[in-house]
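Asks: turn this into a structure:
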Amino acid sequence: MSESRLLLKNILFIDLETASLTEKYEQLPERLQYHWIRKASKIKNEENVTPDELYFGRAAIYAEFGKIICIGVGGFYDQDTKFRAKTLVNSDEKSLLLEFKKLVEEHPAKEQLILCAHNGREFDFPYLCRRMLINGIKLPEILNITAKNPWEVMHIDTLEFWKFGDYKNYTSLDLLASVFDIPGSKSQMDGSEVNTTYYHQKDMDKIAVYCREDVVVLSQLYLKMNGREILEETNISRV
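Replies: Numbers count the residues shown, from 1 in each chain. So this is what the prediction gives:
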């Protein structure tokens, strides 16, 4: 899939926010508690916290022990001169995933639709697939990559783009935004605070704004990586 030949209007930029499956380790089903203990034994734990404390801080990044609470989406329109971003938010994960599935299946790009995320190949895309299957949802074609050739997979990962074949470590979206002088999204919170914001502060609006701004940054980064100028703030709408 050649980046230079892609139409911006066919790209749906996405970002996920995830939380631990339950607020407390003790609230997990007994079978999952057993498996979390096994998982926790393999996680780097420099602070030497207990497995139940580690659960609150780390479980959200694993699809087996976490859930999706917010999906940011955005796309270009008006001949690629404007960008619109919004968030899908629902504490009922199945309803949220069904809403996202409907969105991608009804997207005007149809079979030409492309999903773009930062670290999407390692996190966003597989996480979506795993949580959909766990919730008994049939995967939409855009996420069903089984038996497809690499060039048939309509996914873009800006982290993979940045690696240029190198095996370097993870480079955050915020760092790349800083490198390219793109206004960032970390002024109010960062990803490590999502679980606390969700369970303790119960502030879904704050999470939604943070997620939506990451989608805006992602779209601007994509423009920069393809030799284009970023959009002026007046050409970006937030729903």
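
Asks: which residues of the protein fall in strands?
Replies: In the chain, the strands defined using DSSP state E lie at 11-20, 66-77, 82-89, 114-117, 155-157, 236-238.

Asks: the fifth one pairs with which strands?
Replies: Here strand 155-157 is paired, per DSSP bridges, with strand 114-117 (parallel).

Asks: list of residues touching the strand it pairs with?
Replies: Residues from elsewhere that reach strand 114-117, judged by C-beta atoms under 8 Å, 6 or more residues apart in numbering: 1, 6, 10-16, 104, 123-125, 142-143, 154-158, 218, 222. Yep, even glycine has a C-beta here, placed from its N, CA and C like the rest.

Asks: write a ChimeraX command that selects only the buried members of those.
Replies: A single ChimeraX command is used to select the members of the contacts of strand 114-117 judged buried by 16 or more other C-beta atoms under 10 Å:
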select :6,10,11,12,13,14,15,16,104,123,124,125,142,143,154,155,156,157,158,218,222
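
Asks: looking at stretch 201-217 now, give me its mean pLDDT.
Replies: What stretch 201-217 shows for mean pLDDT is 95.

Asks: can you get me a residue count around Val89?
Replies: Using other C-beta atoms under 10 Å, Val89 has 18 other residues around it.

Asks: and it, bridged to which residues?
Replies: Cys70.

Asks: run the angle between the longest helix seen in the chain and strand 66-77 for me.
Replies: In the chain, taking DSSP state H as the definition, the longest helix is helix 204-225. Angle between the axes of helix 204-225 and strand 66-77 is 50 degrees (criterion: axes from the mean of the first three to the mean of the last three C-alpha atoms, to 10 degrees).

Asks: what packs against helix 204-225?
Replies: In terms of contacts (3 or more C-beta pairs under 8 Å, 6 or more residues apart in numbering; DSSP states H and E), helix 204-225 is packed against strand 11-20, strand 66-77, strand 82-89, strand 114-117, helix 158-163, helix 173-179, helix 194-199, strand 236-238.

Asks: okay, angle between the first one and strand 66-77 too, please.
Replies: What that stands for is strand 11-20. 160 degrees.

Asks: tilt between the lowest-mean-pLDDT helix or strand in the chain and strand 11-20?
Replies: Of all helical and strand segments in the chain, the minimum by mean pLDDT, DSSP states H and E falls on helix 51-58, at a mean of 90. Helix 51-58 and strand 11-20 are oriented at 160 degrees to each other (the same axes, to 10 degrees).

Asks: mind listing what's buried in helix 51-58?
Replies: By 16+ other C-beta under 10 Å, the buried positions in helix 51-58 come out as Pro51, Leu54, Tyr55, Phe56, Gly57, Arg58.

Asks: stretch 126-134 now?
Replies: For stretch 126-134, using 16+ other C-beta under 10 Å, the buried residues are Tyr127, Leu128, Cys129, Arg131, Met132.

Asks: wait, what's in contact with Gln112?
Replies: Gln112 sits in contact with Leu7, Asn10, Met154, where contact means C-beta under 8 Å, 6+ apart.
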